[in-house]
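A.B. asks: curious how this folds, go ahead:
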Amino acid sequence: MGKKSKDQGRRELDGPAEGLQHNPFTQLTGAKGGSGSDAPDASFEQPAQPPSKTSRVQPELIVRRERKGRAGKGVVLVQGLPQDRCKSIARAASKALGRGARVEGQEVVIQGEIADPVLDWLVGQGFRARRGN
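C.D. replies: Model (predicted):
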């Protein structure tokens, strides 16, 4: 195998570059036909709908670290989950975070002191969660 030339694959940029003529912002300015009217777009005029009374509100979960009674090993506890969902949440968290997880009472115990990734994962799953300590 011989040496490759340094300028192999380089392009000369003396004139206008081909393929760079598209401007994604032209649709935003040209959507009104250039009439210059400052009327707001109809899609922004809709008032915000208040949440319906029939929608289920997610319970607020508390994510906290603990070492007590675990021979110095740190774990993350997730409190506030409904009893019927604890096992499925523990299994999904174990797969998503790559850590062991189990149910103790009404708490999910996740191995390791990884409270921030657990919190981010729970929020990504649609739960309301906050740090406990």
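A.B. asks: buried sites along the longest strand seen in the chain?
C.D. replies: When the chain is parsed with DSSP state E, its longest strand is strand 60-66. Neighbour counts over strand 60-66 (16 or more other CB atoms under 10 Å) mark 61, 62, 63, 64, 65, 66 as buried. C-betas here are computed from N, CA, C, even on glycine.
A.B. asks: between those residues, which is nearest residue 118?
C.D. replies: Checking those against residue 118 with CB to CB, the nearest one is residue 63 at 5.5 Å.
A.B. asks: beta partners for that closest one?
C.D. replies: For residue 63, the beta-bridge partners under DSSP bridges are residue 78, residue 131.
A.B. asks: just checking, it touches residue 120?
C.D. replies: No. Between residue 63 and residue 120 there is no contact under CB atoms under 8 Å: 9.9 Å.
A.B. asks: residues shared between the contacts of the two?
C.D. replies: Residues touching both residue 63 and residue 120 by CB atoms under 8 Å, 6 or more residues apart in numbering: none at all.
A.B. asks: what about residue 86, which SS state?
C.D. replies: helix (DSSP: H, G, I helix; E, B strand; the rest coil).
A.B. asks: list the contacts of it.
C.D. replies: Residue 86 neighbours (CB under 8 Å, 6+ apart): 103, 106, 107, 108.
A.B. asks: flag the least confident of those.
C.D. replies: The member of the contacts of residue 86 with the lowest pLDDT is residue 106, and it reads 90.
A.B. asks: how much space separates the nearest residue to that one once chain neighbours are set aside from residue 89?
C.D. replies: Nearest residue to residue 106, sequence neighbours excluded (CB to CB, 6 or more residues apart in numbering): residue 83, at 5.7 Å. Per CB to CB, to the nearest Å, residue 83 is found 11 Å from residue 89.
A.B. asks: who has more neighbours, the two?
C.D. replies: A direct count of neighbours by other CB atoms under 10 Å for residue 83 and residue 89 places residue 89 higher, at 20 against 9.
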